[in-house]
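S.K.: generate a structure from the sequence data that follows.
(2 chains)
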Amino acid sequence: MTAPLLEMRGIVKTFPGVRALAGVDFTLRAGEIHALMGENGAGKSTLVKVLTGVYPRDAGDVRLEGVSIEPRSPHDAEACGIATVYQEVNLIPYLSVAENISLGREPVRMGLIRWKEMRKRAEHALARLGLHIDVEQDLSSYSLAIQQMVAIARALDLRARLLVLDEPTSSLDEREVQELFAVLRRLKAEGMGIVFITHFMDQVYALSDRITVLRDGHLVGEYEAASLPRLELVARMIGKTPEDVAAMEQQSAVADPLEEEPFLAALDLGRTGALHPLNLAVRRGEVLGLAGLLGSGRTETARLLFGVDRATSGHIQIGGKNTSIHSPRQAIQAGLAMTPEDRKDAGLALDLSVRENMMLALQAQRGLCRPIREEEQHALVDEYIRALGIRTPSPEQAIRNLSGGNQQKVLLARWLLTRPALLILDEPTRGIDVGAKADIEKLIESLRAEGMALIFISGELEEVARIAQRVLVMRDRRLVGVLAGSALTLDAIMRDIAAAPEEADT
Amino acid sequence: MIVDLMLWPSLVALAWWSRRNGNPVFYALIALGLLLVFNRCFTPGFFEVDVRDGRLYGVLIDVLNHGSRVMALALGMTLVIATGGVDLSVGAVMAIAGAVAALMVNMGVPWPGAVAAALGVAMLCGAWNGLLVAGFRVQPIVATLILMVAGRGIAQLLTGGQIITFTDPGMAFIGNGHLLGFPFPVWIVLALLGLVALSTRRTAAGMFIEAVGNNERAAYFAGLNPRVIKAATYVLAGFCAGVAGLMAASNIRAADSNHVGLYLELDAILAVVVGGTSLMGGRYFLAGSLVGALLIQTLTTTMFMRDVSADVAPVPKALFIIAVCLIQSPSLRARCRSWSQQIRLFGAGREKAS
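M.R.: Prediction:
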């Protein structure tokens, strides 16, 4: 066994109100690819940022080849031999490949750049990755995969011993991923240690030697990839032992949907690079769950249904008739509503009041010239504040000042005011407290009982299993299973998520 | 005396009202008040108002009259800025509108027709800006810079590079006439304020604009069409620029494409910012923008009255505006509070020690 290249011991990092890392250990050997796994908020990114000097650590020890280091900035970390490539390509598209690779450390003689030397260096760095391209072309003229490799080449130009890849494949297609993997294997053979963060299960098993799982800022464990079954990996990520999961059978499949004809049906709906074509149908009086880990395609499905993204294949039927939905506006006219995954980014106008945020969709539907009278607004807002138990000092309070759970309830109220036939909830319970979570679950059940169709998306598989009557299980941007009735159990969802591609063809 | 009796109580009442409602116009009002107090004490003649032929004359009236153009521009600019944009072309659009109006009346078109044509062309200019910003997603500064530079050229082209004078009495009344003692431009601005305020606050437009400016993505998800809303604000800004251009041309009875409205877009932006509307977009304050415009005009007039040469005047003006902006900054106010607290704690600590 080789001596560890990197040893992190007892790393603690606290942000105001959150303990992001509570004494996490992490060990990386030279010549190994080590996957760092965990759901959102598990602490993966924080751990990487502590390692690369973005955040100072509050406690703990980091040793690189036995020497204690304390990088204070990404630049420091680079000097220590830690190279990092982030999810988004952090390069400048309109500079040439060679310029990008040398940016900030151009070969200079008497204040002038030595272009020939720069070119040679870039070619050399790329050759190491087995890539031979014209380095004088603009970076933007190459594919994303090549750009990603240029980013790696840039990082490696620093005689790095350790490479950190934070979700490097999330914007690449299948073939590009393979190209990238070939490069990573080559680097591994050279004895480099690679930390690899991804949400794609198949990639983890295809590439990594060992896996470290984090959950809620704690170390769950470190495993040999070959000896950790997929099911167990998923169980550890979401905090259940496989035995727990097996024991926890779904109690009951609730009442039948009110009608057999689906309210909305999507046929062959897909989008190149985002979602493999899939079929889905949702009936009135039914909660359809979309389960999967982050990046599995669940949000992409919702965005296609709501017209945020254009589908490249398939079509949507509402009430049996083909309906074209190219914008949220059209979706709303067709009776749809959606609370987006990222409340703050796509849901709330943070500086506006609770009242205004609540009235926005209804007013948008009624149009400019039919403003809702002030008394009517106040009546509606008061009604929903009471009905949903929204805690706010006043309807005129800026929504920025409310807690996450109350913000989410305001968003729900916004859509309930429009009386939608189908409500899509993308991660409605993420980052909110237990009380608000229970309120929202109760609300979903009563809306369903009143005959609304709902699509419920969550990364908390247990929650999906509990709330939905039918669950579509997604993995790696495709639909991998449909579960309903007595077959719908947390265990079954996890099996579908964890299944290797061959087994998953249902 | 009568001026004092009318001015100060209304200023105090406005300030009290804005403070109570948390309207940021408060700070602009305080600055305006301070400036007026200074002039009341140290600038002789500033507060004298005469009545001749049933018309009011005096420095304060001049401030209102000359400030009317920036006020008109600022009203339109407020909405553009509220959507997170900016319109640099309004000064040039003033020149175009003035040129169109002058040409039309000289061709024998009755003045209402000329006014309508000028406003129509101004709105077309606004629509062009809207098309670039909302349709093609050009950055607002770049998109409107195009017309800012080209607009004066277009006006020159229309007038053949000449200053075109006109004598039509109806046209001349717009910038020189009086109504109920006050200069006519003051009434125009009031009417414009009424128009903009009613059309945005009595309909849902104001809410839509603030939602788009605060979070365009969220507005889109809620079923709004942010592009149409943005484009509409540019059309309105064009309309306001047209009104300002008519007032300016009418005032000198000529279309002077080279000089009319020069740099006025900057004053208008400044007025909006001083009035409490953030350049980041979101909440907007029409009354604040008017007070901001008045503040700028009062500053200019003060410099003029105190014989500060026009070359040097921008320096004290700039210093004053910086001070107003700093007072408005919430982060600076918070910091000042924490400093004063620290000083007090430090003082208390010393007392204890001794």
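
S.K.: which parts of the stretch 201-350 of chain B are helices?
M.R.: Secondary structure of the stretch 201-350 of chain B (DSSP state H, counting those that start in this stretch): helices at B:205-214, B:216-221, B:226-252, B:264-274, B:286-305, B:314-328, B:330-353.

S.K.: so for B:Met71, which of these sits nearest?
M.R.: Each of these was scored for nearness to B:Met71 using C-beta to C-beta, and the closest is helix B:286-305 (4.2 Å). Where you see a C-beta, it was placed from the backbone N, CA and C, and this is true even at glycine.

S.K.: on that earlier part again, worst average pLDDT in the helices of the stretch 201-350 of chain B?
M.R.: Ranked by mean pLDDT, the helices of the stretch 201-350 of chain B end with helix B:330-353 at the bottom, a mean of 74.

S.K.: which residues does the residue of the stretch 151-300 of chain A found nearest chain B contact?
M.R.: Across the stretch 151-300 of chain A, the shortest distance to chain B (C-beta to the nearest C-beta) belongs to A:Thr299, at 12.9 Å. With contact taken as C-beta atoms under 8 Å, 6 or more residues apart in numbering or on different chains, A:Thr299 is in contact with A:341, A:426-427, A:457.

S.K.: farthest pair within those?
M.R.: Using C-beta to C-beta for every pair in the contacts of A:Thr299, the one that comes out farthest apart is A:Glu341 and A:Ile457, at 7.6 Å.

S.K.: now the common contact residues for the two.
M.R.: A:299, A:302, A:426-427.

S.K.: from those residues, which land in helices?
M.R.: Residues from those lying in helices, with DSSP state H as the criterion: A:299, A:302.

S.K.: now for the shared contacts of A:Glu341 and A:Ile457: which two are most distant?
M.R.: Farthest pair in the shared contacts of A:Glu341 and A:Ile457 (C-beta to C-beta) is A:Ala302 and A:Glu427. Separation: 9.6 Å.

S.K.: identify the contacts common to those two.
M.R.: Joint contacts of A:Ala302 and A:Glu427 (C-beta under 8 Å, 6+ apart) are A:341, A:457.

S.K.: return the residues of chain A in contact with chain B.
M.R.: Applying C-beta under 8 Å from any C-beta of the partner chain, we find that chain A lies next to chain B at A:306, A:308, A:327-329, A:332, A:338, A:340, A:345-352, A:356, A:359-361, A:363-372, A:414.

S.K.: mind checking which of those are in helices?
M.R.: Judged by DSSP H, the subset of the residues of chain A next to chain B located in helices is A:328-329, A:332, A:356, A:359-361, A:363-366, A:414.

S.K.: let's check: the centremost residue of chain A is which one?
M.R.: Central residue check for chain A by C-alpha atoms, centre = their mean: the C-alpha nearest the mean position is that of A:Leu294, 4.0 Å away.

S.K.: that one contacts A:Gly459, correct?
M.R.: Yes: at 5.9 Å, A:Leu294 and A:Gly459 qualify as touching, with contact defined as C-beta atoms under 8 Å.

S.K.: just for the stretch 301-450 of chain A, where's the confidence low?
M.R.: Counting by pLDDT under 70, the stretch 301-450 of chain A shows no low-confidence range.

S.K.: could you redo the ones in helices among the residues of chain A next to chain B as JSON lines and give each row neighbour count?
M.R.: As requested, these are exported to JSON lines (neighbours: other C-beta atoms under 10 Å in any protein chain shown):
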{"residue": "A:Pro328", "neighbour count": "26"}
{"residue": "A:Arg329", "neighbour count": "18"}
{"residue": "A:Ile332", "neighbour count": "24"}
{"residue": "A:Glu356", "neighbour count": "23"}
{"residue": "A:Met359", "neighbour count": "27"}
{"residue": "A:Leu360", "neighbour count": "28"}
{"residue": "A:Ala361", "neighbour count": "25"}
{"residue": "A:Gln363", "neighbour count": "26"}
{"residue": "A:Ala364", "neighbour count": "25"}
{"residue": "A:Gln365", "neighbour count": "17"}
{"residue": "A:Arg366", "neighbour count": "14"}
{"residue": "A:Arg414", "neighbour count": "26"}
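
S.K.: how about those residues in CSV, adding distance to A:Gln397?
M.R.: Converted to CSV, these look like this (distance: C-beta to C-beta, whole Å):
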residue, distance to A:Gln397
A:Pro328, 26
A:Arg329, 28
A:Ile332, 26
A:Glu356, 11
A:Met359, 14
A:Leu360, 16
A:Ala361, 19
A:Gln363, 19
A:Ala364, 22
A:Gln365, 24
A:Arg366, 24
A:Arg414, 16
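
S.K.: before we move on, back to that, SS state for the residue nearest to the centre of chain A?
M.R.: Of the three states, A:Leu294 takes coil under DSSP: H, G, I helix; E, B strand; the rest coil.

S.K.: where does the residue lying closest to it once chain neighbours are set aside land in three-state SS?
M.R.: Residue nearest to A:Leu294 in three dimensions, not counting chain neighbours: A:His199, with 4.7 Å by C-beta to C-beta, 6 or more residues apart in numbering or on different chains. Secondary structure, three-state DSSP: A:His199 is coil.

S.K.: test my guess that A:His199 contacts A:Gly297.
M.R.: No: judged on C-beta under 8 Å, A:His199 makes no contact with A:Gly297 at a distance of 10.8 Å.

S.K.: pull the CA atoms of the helix or strand encompassing A:Leu231 into PDB?
M.R.: A:Leu231 belongs to helix A:230-238 when elements are defined using DSSP states H and E. Listed in PDB are the C-alpha atoms of helix A:230-238, where the atom choice follows Å, rounded to 0.1, in the frame of the first residue of the first chain:
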ATOM      1  CA  ARG A 230     -24.400   0.600  -5.400                       C
ATOM      2  CA  LEU A 231     -27.400   0.100  -3.100                       C
ATOM      3  CA  GLU A 232     -25.200   0.500  -0.100                       C
ATOM      4  CA  LEU A 233     -23.600   3.600  -1.500                       C
ATOM      5  CA  VAL A 234     -27.000   5.200  -2.000                       C
ATOM      6  CA  ALA A 235     -28.100   4.100   1.400                       C
ATOM      7  CA  ARG A 236     -25.100   5.700   3.000                       C
ATOM      8  CA  MET A 237     -25.600   8.900   1.000                       C
ATOM      9  CA  ILE A 238     -29.100   9.400   2.200                       C
END
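
S.K.: relative to chain A, how far out is the residue nearest in space to the middle of chain B?
M.R.: With distances taken as C-alpha atoms, centre = their mean, B:Ala74 lies nearest the centre of chain B, 2.6 Å away. Noted for B:Ala74: a distance of 21 Å to chain A, by C-beta to the nearest C-beta, to the nearest Å.

S.K.: one step back: which other helices and strands does the helix holding A:Leu231 contact?
M.R.: Contact analysis of helix A:230-238 by 3 or more C-beta pairs under 8 Å, 6 or more residues apart in numbering or on different chains; DSSP states H and E lists helix A:201-207, strand A:210-215, strand A:218-224, helix A:242-247, helix A:490-498 as its packing neighbours.
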